[in-house]
Every structure is written in structure tokens, then in C-alpha cells.
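Asker: got a predicted structure plus its sequence, pasted below:
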Amino acid sequence: MEGASDVSALKMLNHELVKLDHFDGTNFSRWKDKMKFLLTALKIFYVLDLNLMPFPPASDEDTDEIKAQRKKQEEDELICRGHILNTLSDRLYDLYTSMKSPKEIWNALEAKYKIEKIGTNKFIIQKYFDYKMLDSVSVLDQVHELQILVNKLRDLSINILESFQVGVIITKLPPN
């Protein structure tokens, strides 16, 4: 009976609680966090652990416990791979579907999109320094935009003192 409750819990989690957008190559960090949450909730994120040792090839001497563990890990890897591929855009799905291991797909995505994130981080710093306030847009909306940039910089471990932020806002105010 335990298997039936696992399946119903999986369906509820899959259909009602967690709706992942398709990953199209943008907002990798957000997609990755949501995917981690889903896979952790499903208790299968462990298959992506770099330190997880693969099972040795099956042998006649395997105990029932080892056979069961091997089978569970293989099923978890299949489910994990399916969830990762299922959330990729069609273009990315076609690119990564030939990879059989969820760990291989995960590592390939991380390698590709972490490099792009470094470029994006440099862009955020430049965007903060180059930000110009306009007369045609509400000052509060523009201050809010600057605050979003400050929060993104803080996420990069770049802390900007509040007094400096105030000075930046004053210098960026439009002439009127």
C-alpha cells in the first residue's frame, strides 16, 4: 500500500504544488533553484550529488538489499532525468536528450549557463553605474529599479553602503 501513497503524493506534488516554467536559457539560477526544490521534495536530488558513487556492475553475489538499492537508484535517475528534460524548452530538450545520465545533463547545463551568469553579473555592475533617471518616469519607480540592482549586487556579495546609495540616487536625479 506504501507504493500507492507514494504515487498519489508524487502526482499531487507534480500537478498541484510545483509548476516549473520551461527553461529556455534565461534565468538559469531561478530555474536551477526551483528544480532543486522539486527534486529534493521528490527525494531524488541525491542522484545529482557529485560524490555519489555508482553501483558496481550487478553480480550473482548481490544481496537482495543491494539489488533493491540499485533498482531504486536507477529508477530515481530515470525520474530525475525526466523532470530535468521535461522543463527544458524544445530547443534545449533536443540538445540534451541524447545524454542518458541526469548528472551529465545537470553538469552540462551548469557549465554552460554559469559562464553566461558571469557575463550577466558584470552587466549588472555596469548597469548600476550607468543608470540615468528620466523626467518622464516616476522618481519612486526609478529608485525601486535602482534598489533591485542593489539587491542583485548584494546577491553577488557586493555590498553598497546605504549612504553611498543615497548619494548615487541624488547624483542620478534628473535636472528638473
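Answerer: Arrived safely.
Asker: what's the following helix or strand after the one helix or strand in the chain whose mean pLDDT sits lowest?
Answerer: Ranked by mean pLDDT, DSSP states H and E, the helix or strand of the chain with the weakest confidence is helix 2-12, at a mean of 53. Toward the C-terminus, helix 2-12 is succeeded by helix 28-41 as the next helix or strand (DSSP states H and E).
Asker: check contacts around the residue most central in space within the chain.
Answerer: When CA atoms, centre = their mean is applied to the chain, the residue found nearest the centroid is Lys32 (1.1 Å). Contacts for Lys32 (CB atoms under 8 Å, 6 or more residues apart in numbering) come out as 109-110. Every C-beta, even on glycine, is put in place using the N, C-alpha and C of the backbone.
Asker: next: Val143.
Answerer: Ile169.
Asker: again, but for Tyr131
Answerer: Here Tyr131 is in contact with 145-146, 149, 172 (CB under 8 Å, 6+ apart).
Asker: avg pLDDT for the lengthiest helix in the chain?
Answerer: Counting residues, the longest helix found in the chain (DSSP state H) is helix 102-130. Mean pLDDT, helix 102-130: 81.
Asker: next one: stretch 158-173
Answerer: 81.
Asker: enumerate the positions of it that are buried.
Answerer: Ile169 (16 or more other CB atoms under 10 Å).
Asker: which residues sit against that stretch?
Answerer: Contact with stretch 158-173 is made by 125, 131-133, 139, 142-143, 146, 150, 153-154, as judged by CB under 8 Å, 6+ apart.
Asker: now it - C-alpha only, CSV.
Answerer: Output in CSV follows, covering the C-alpha atoms of stretch 158-173 (Å, rounded to 0.1, in the frame of the first residue of the first chain):
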residue,chain,number,x,y,z
ILE,A,158,28.9,43.3,-3.5
ASN,A,159,27.5,45.4,-0.6
ILE,A,160,26.9,49.1,-1.2
LEU,A,161,26.6,51.3,1.9
GLU,A,162,23.2,52.9,2.3
SER,A,163,24.9,56.4,2.4
PHE,A,164,26.6,55.7,-0.9
GLN,A,165,23.2,54.5,-2.4
VAL,A,166,21.6,57.8,-1.3
GLY,A,167,24.5,59.8,-2.9
VAL,A,168,24.1,57.8,-6.1
ILE,A,169,20.4,58.5,-6.2
ILE,A,170,20.9,62.2,-5.7
THR,A,171,23.6,62.3,-8.5
LYS,A,172,21.3,60.4,-10.8
LEU,A,173,18.3,62.6,-10.3
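Asker: distance from the chain centre to stretch 169-176, please.
Answerer: When distances are taken as CA atoms, centre = their mean, to the nearest Å, stretch 169-176 is centred 37 Å away from the chain's centroid.
Asker: no further questions, thank you.
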